[in-house]
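Novice: Attaching a predicted model along with its sequence, questions to come.
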Amino acid sequence: GDQQRDVAVVLYNIATTHLEQGDEDKAMACYAETLRVERSTLGNDHRDLVVTLQHIGQVFRQRGELDVSLEYFAEVLRIERLHHGNNSPVVARLLNTMGNIYLQKADVPNMMECFAEATRIFEALGSSSSDTGGNGDGEEIDEEIDEEIDEEIDEELKITGYNFYSLSIFHPECAAAA
């Protein structure tokens, strides 16, 4: 119960400390144990797993193990869609991250699919998502997530120095190809 969740939090903090100190192997061992405790306590669909899964996916990405990284981000995407729906800014940002990983792999079809879906979601939401807190499915999103979206939306829509959203506005033929 609550004690197991406390254990998961402590393990997560230890993992993050190892990662900040540059010891990826120790960090990954702690993240794996964190994930095991979280799954046994919360199940496989709980949003608290998202942060741990993202950190593991990011470490694999930094190591160049892009297929493994994508497996973790795909699980994050499944959980976020379950909790936020398909037309959420949270989902769009995650699709953009996955698109960038596909870009690193030179997997253009999957990259374009992710970027196109992320762009479609952001365009459909317009500025109303940050004004109303809605996610396009009539669900409320956390204020913290909404603020994070406002701060990161420009950064998340960049591909190696290019702003994909602006590119789609100024070069609609590129967006049409997506």
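Specialist: Everything's here; your move.
Novice: C-alpha from now on. contacts and neighbour counts both.
Specialist: Will do.
Novice: Show me the strands in this structure, by range?
Specialist: When assigned using DSSP state E, the strands of the chain occupy the ranges 158-159, 162-163.
Novice: Give the rounded mean pLDDT of the first one.
Specialist: So the one you mean is strand 158-159. On average, the pLDDT along strand 158-159 is 46.
Novice: do the same with the last one
Specialist: Summarised as a single mean, pLDDT over strand 162-163 is 47.
Novice: Report the contact partners of the closest residue to Q54 other than its chain neighbours.
Specialist: Taking C-alpha to C-alpha, 6 or more residues apart in numbering as the measure, Q54 lies nearest to F73, with 6.3 Å between them; neighbours along the chain are not counted. For F73, the contacting residues are L53, Q54, G57, L94, M98, by C-alpha atoms under 8 Å, 6 or more residues apart in numbering.
Novice: I figured the fourth one was touching E75, is that so?
Specialist: Spelled out, that is L94. No - contact between L94 and E75 fails when scored by C-alpha atoms under 8 Å: they sit 10.8 Å apart.
Novice: Looking at the two, which has the bigger crowd around it?
Specialist: Counting neighbours by other C-alpha atoms under 10 Å for L94 and for E75 shows that L94 has the greater number, 22 against 18.
Novice: Report the contact partners of that one.
Specialist: With contacts defined as C-alpha under 8 Å, 6+ apart, L94 is in contact with F73, L77.
Novice: Please apply the same query to the one 5 residues further on.
Specialist: When contacts are counted by C-alpha under 8 Å, 6+ apart, G99 is found next to N110, M111, M112, E113, C114, F115.
Novice: most surrounded residue in those residues?
Specialist: These, ranked by neighbours (other C-alpha under 10 Å): first place F115, 27 neighbours.
Novice: I appreciate the help and will end here.
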